[in-house]
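# Give me the fold of what follows.
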Amino acid sequence: MLVATLVPQQALCRALERLALVVMRLDPRHRCIVSDNLAIAFPEWAPERRAEVTARAFANWGRLAGELAHVDKILAEPRSESLLELDRRIDESLEAGRGLLILSGHTANFELLARLASRPKRRILLFHRQMSNDLVDRHLTRERARAGLGTLGRGASVREAIRILARGGIIVAPMDQNQPPGRGIFVELFGRPASTSTFLARLSMVSGAPVLPIFAVWEGQALLARIGDTIDAPRDVSDHSATARALTERYTREIEMAVRAYPEQWNWAHRRWKTRPPEEGLSAGITRTSVELNESEARSSG
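Numbering: from 1, shown residues only. Down below sits the predicted model:
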């Protein structure tokens, strides 16, 4: 990491982007996942457009790594107009004294934006799904803590989160990841049912905390915050399940709008539609990714 910081940021990002494209050619599994996800979301796209965004999706990981290598320098820079607006909207949302829930997703350099949002008097915690690589996971947690960010694991309870919100804390919840069977509800994302957590909706309902949609986006060399309208917690809830569903559908629309605006900046390598509704049946649950991968492996072996 120390060696990487000696390379100018833009040069490092370009080099790591090129390396990521080499990885793309050597990784047919994730290449197929990206392509299949794009086919689900944008069936009208020509193959050339899909290939272009697939390459960009891989290159983004190189840019992300290059920026994080220079995170200390970036954090020390004067705050941009976008970050000042982010500060204003966060502070405004905290005025009611119920804490704040931030709806987000894995767009652009989401990791860097979370660290930029951290300020000395703010307590921000991120919902974090443990990564398969323990070394990477520990490094990520350590670096977040160094920037003033805490983490909430999958086992975090609503009661624990409510205590954090009651003290004026901020909880960031990426809502764009697939939930295993039994852990989510199915809502429409790009016209296809996607298994989605209701935790953010239930937490807003119980705590009364508002939800502020914030997504990281790149504009040229700059990292900006795309901020949506505040989604207030419902005041009177007679049907908790129906309300949780309605809120989760609203949050998912916010994610889809952000991805449609910047399709090349989302993490398409995640199998967002992996879990299928029971009514689709086993045969319908076979993903295009697995089919195309099997075909690719057959061609390679032949």
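# Need the contact partners of the longest strand seen in the chain.
As far as residue count goes, and with DSSP state E defining each element, the longest strand of the chain is strand 211-219. Outside of strand 211-219, the residues that reach it under the criterion Cβ atoms under 8 Å, 6 or more residues apart in numbering are 63, 86, 89-90, 93, 100-105, 107-110, 112-113, 117, 200, 204, 223-233, 247, 251, 254-255, 258, 261-262, 265. The C-beta positions use only the backbone N, C-alpha and C, and glycine is treated the same way.
# same question, stretch 246-264
Applying Cβ under 8 Å, 6+ apart, the set of residues contacting stretch 246-264 is 38, 41-42, 52-53, 56-57, 60, 103, 105, 107-108, 175-176, 185, 187-190, 194, 196-198, 200-201, 204-205, 211, 213, 215, 217-218, 226, 228, 231, 234, 266.
# Please report the distance of Pro78 from Leu84.
Separation of Pro78 from Leu84 (Cβ to Cβ, to the nearest Å) stands at 10 Å.
# Report the mean confidence score over stretch 6-14.
Taken as a whole, stretch 6-14 carries a mean pLDDT of 93.
# List the contacts of Ile102.
The contact partners of Ile102, by Cβ under 8 Å, 6+ apart, come to Ile170, Ile171, Val172, Ala173, Val211, Leu212, Pro213, Ile214.
# can you confirm it is in a helix?
No - with DSSP: H, G, I helix; E, B strand; the rest coil as the criterion, Ile102 is strand rather than part of a helix.
# Who does it form a beta bridge with?
Counting by DSSP bridges, Ile102 forms beta bridges with Val172, Leu212.
# about what we covered before: between the longest strand of the chain and strand 100-104, how big is the angle?
Per axes from the mean of the first three to the mean of the last three Cα atoms, to 10 degrees, the angle that strand 211-219 makes with strand 100-104 is 40 degrees.
# And the next helix or strand past strand 211-219?
Downstream of strand 211-219, the next assigned helix or strand under DSSP states H and E is strand 222-227.
# quick one: the helices in the stretch 101-250 of the chain?
Across the stretch 101-250 of the chain, reading from the start of the chain, the helices by DSSP state H, counting those that start in this stretch fall at 110-117, 134-146, 158-166, 199-207, 240-261.
# want to throw these into a markdown table with distance to Asp72, mean pLDDT and mean neighbour count?
Shown next, in a markdown table, are the helices of the stretch 101-250 of the chain (distance: least, Cβ to Cβ, whole Å; pLDDT from 0 to 100; neighbours: other Cβ atoms under 10 Å):
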| stretch | distance to Asp72 | mean pLDDT | mean neighbour count |
| --- | --- | --- | --- |
| helix 110-117 | 10 | 94 | 21 |
| helix 134-146 | 9 | 85 | 13 |
| helix 158-166 | 27 | 87 | 16 |
| helix 199-207 | 31 | 94 | 22 |
| helix 240-261 | 28 | 97 | 18 |
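# Make JSON lines out of those helices and add distance to Arg25.
Rendered in JSON lines, the data for the helices of the stretch 101-250 of the chain read as follows (distance: least, Cβ to Cβ, whole Å):
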{"stretch": "helix 110-117", "distance to Arg25": "25"}
{"stretch": "helix 134-146", "distance to Arg25": "22"}
{"stretch": "helix 158-166", "distance to Arg25": "42"}
{"stretch": "helix 199-207", "distance to Arg25": "37"}
{"stretch": "helix 240-261", "distance to Arg25": "25"}
